[in-house]
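Engineer: generate a structure from the sequence data that follows.
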Amino acid sequence: MLTNKKNRRDRVANLEKSQILDPEKVKRDKKRKRKVVALTVLAAITGLLAAAFAAFLIVGAIGKANLRSNVIAAPKLENAPVVIELQPTEEEAAGWKEGWVKYNGQIYAYNEDILTFLVMGIDKNRDVKEVEEGTNGGQADALFLVVLNPHDNSLSVIGINRNTMTDISVYDDNGAYVNTIKAQIAVQHGFGNGVEESCEYQVNAVQHLFYEMPVHGYAAINMSAIGPLTDMVGGVDVVALEDIKSGNSTVIKEGEEVHLEGDLAFAYIHNRDTKKFGSADHRLERQKQFITTYLQKVKQKTKQDISFPITVYQKIATQTVTDLTVDEMTYLVSIAKDYSFDENYLYTLKGETKQGDVFEEFYVDETDLFELILKIFYEPVEQ
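Structural biologist: Presented below is the predicted three-dimensional model:
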């Protein structure tokens, strides 16, 4: 103890002596020490950032592998009610591979590197909550397939009319399968527990519509999240495609240039006049218009801050159900900024809306659906 006190007194005395005899040297020594400290801190920060970046890459790589392993089968296009050629000619037989499809004289191969996700907008205005088995899971009023093609770094979005007639699995109040009926695709999510089970039912219905198309993941977002999602990108500007009412008031007029935020964004995406024939068709057009601008703004934000999509998810996590894991999200975030998207990559299924016994029914043009699948999910095989 005495030795330590003596050493401190000696250092103080030497410092005072140096300040008197050579003050410039004291300044140089202090400056050098500050530089050493700064370099040490910078090296530590750099090391931490490098470690974080390495961890980010590792987690992303794990996510990529997991997503790729989720699905192995190609769509079953042989089930399509469209004239296709499943057998090659004698000349083509030598190089023919399983899963190839020949249509209008052109051979196509399924793009196994594509990633496909189903995004559902659920007609509920609260946080996600598990419900009892039955039909209270909430209907999927918005359905979009998001397709990432790494071969050309394109992002495609396919809008599915909520009234599309397809096979729906019916379950009783105990969760037991009853039978399969033809009904609007949006009602499928209503069965089940309102969370993962309902989402899986909805994924199955969409897959069946697309001839068992592989789906690598899903996200179901309650409609009440639309406002916060829009606000996080600073709002979305559109020219209104039709009048929008909220209650008895017209809040947006057709042809009006409007900046959508909060409740106004929710009204534009969600509301429709169910007394008007084809109101679901018109709403889908509004949703397409909104998504085009919204995704462009998300991309800009992500270029500025790669963690932005994660921030968005955290904002609406309580209103979202997804089967994507942290590593899978990390991978998708890391590649999102490199993908191109504009209105040319936004599609809707063609078909006809008819009045059913009770509700409107949309019947898909099977030829258009088949050709759209070939365009997005397949690639021509060079002869």
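Engineer: how about the helices in this protein?
Structural biologist: Secondary structure of the chain (DSSP state H): helices at 2-21, 23-70, 196-209, 226-232, 262-270, 279-304, 308-316, 326-336, 366-377.
Engineer: for the stretch 51-200 of the chain, which spans come out with low pLDDT?
Structural biologist: Low-confidence segments of the stretch 51-200 of the chain (pLDDT under 70): 51-72, 83, 85-87.
Engineer: name the nearest residue to residue 111, sequence neighbours excluded.
Structural biologist: residue 379 (5.4 Å; CB to CB, 6 or more residues apart in numbering). For every residue, glycine as well, the C-beta is placed using N, CA and C.
Engineer: list the contacts of residue 180.
Structural biologist: Contact analysis of residue 180 by CB atoms under 8 Å, 6 or more residues apart in numbering lists 167, 168, 169, 170.
Engineer: mark which of these are buried, thanks.
Structural biologist: Using 16 or more other CB atoms under 10 Å as the burial test, the contacts of residue 180 include 168, 169 as buried.
Engineer: span of stretch 98-111 from start to end?
Structural biologist: 13 Å (CA to CA, to the nearest Å).
Engineer: ok, now stretch 95-115?
Structural biologist: Taking CA to CA, the first and last residues of stretch 95-115 lie 26 Å apart.
Engineer: that one: how far from the chain's middle?
Structural biologist: 26 Å (CA atoms, centre = their mean, to the nearest Å).
Engineer: okay if I get the contacts of residue 180 as JSON lines plus distance to residue 345?
Structural biologist: Formatted as JSON lines, these follow (distance: CB to CB, whole Å):
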{"residue": "167", "distance to residue 345": "28"}
{"residue": "168", "distance to residue 345": "29"}
{"residue": "169", "distance to residue 345": "31"}
{"residue": "170", "distance to residue 345": "35"}
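Engineer: out of the contacts of residue 180, which comes closest to residue 292?
Structural biologist: Lowest distance from residue 292 to these (CB to CB) belongs to residue 168, with 29.7 Å.
Engineer: so what's the residue count around the closest residue to that closest one other than its chain neighbours?
Structural biologist: Excluding the flanking residues, the one nearest residue 168 by CB to CB, 6+ apart is residue 183, at 4.3 Å. Other residues near residue 183 come to 20 when the count uses other CB atoms under 10 Å.
Engineer: and residue 183, bridged to which residues?
Structural biologist: residue 166 (DSSP bridges).
Engineer: can I assume it is in contact with residue 164?
Structural biologist: No. Between residue 183 and residue 164 there is no contact under CB atoms under 8 Å: 9.7 Å.
Engineer: so residue 107 versus residue 76, what's the distance?
Structural biologist: To residue 76, residue 107 is 17 Å away according to CB to CB, to the nearest Å.
Engineer: ok, residue 253 next?
Structural biologist: Counting by CB to CB, the gap between residue 253 and residue 76 amounts to 46 Å.
Engineer: next: residue 168.
Structural biologist: Counting by CB to CB - residue 168 and residue 76 are separated by 19 Å.
Engineer: now swap in residue 336 and tell me
Structural biologist: 30 Å.
Engineer: also residue 299?
Structural biologist: 34 Å.
Engineer: of these two, which one has the most company?
Structural biologist: Taking other CB under 10 Å, residue 299 and residue 76 do not tie; residue 299 has more neighbours (19 against 13).
Engineer: residue contacts, that one?
Structural biologist: 336, 337, 339, 341.
Engineer: chain center to stretch 127-138, what's the gap?
Structural biologist: With CA atoms, centre = their mean, you get 22 Å for stretch 127-138.
Engineer: could I get the contacting residues of residue 147?
Structural biologist: 114, 115, 116, 117, 155, 156, 157, 158, 376, 377.
Engineer: my bad, residue 201
Structural biologist: 169, 171, 188, 189, 191, 192.
Engineer: nearest to residue 138 among those?
Structural biologist: Distance to residue 138 across those (CB to CB) is lowest for residue 189, with 6.0 Å.
Engineer: and the closest one, how close does it get to residue 173?
Structural biologist: Computed as CB to CB, the residue 189 to residue 173 distance reads 17 Å.
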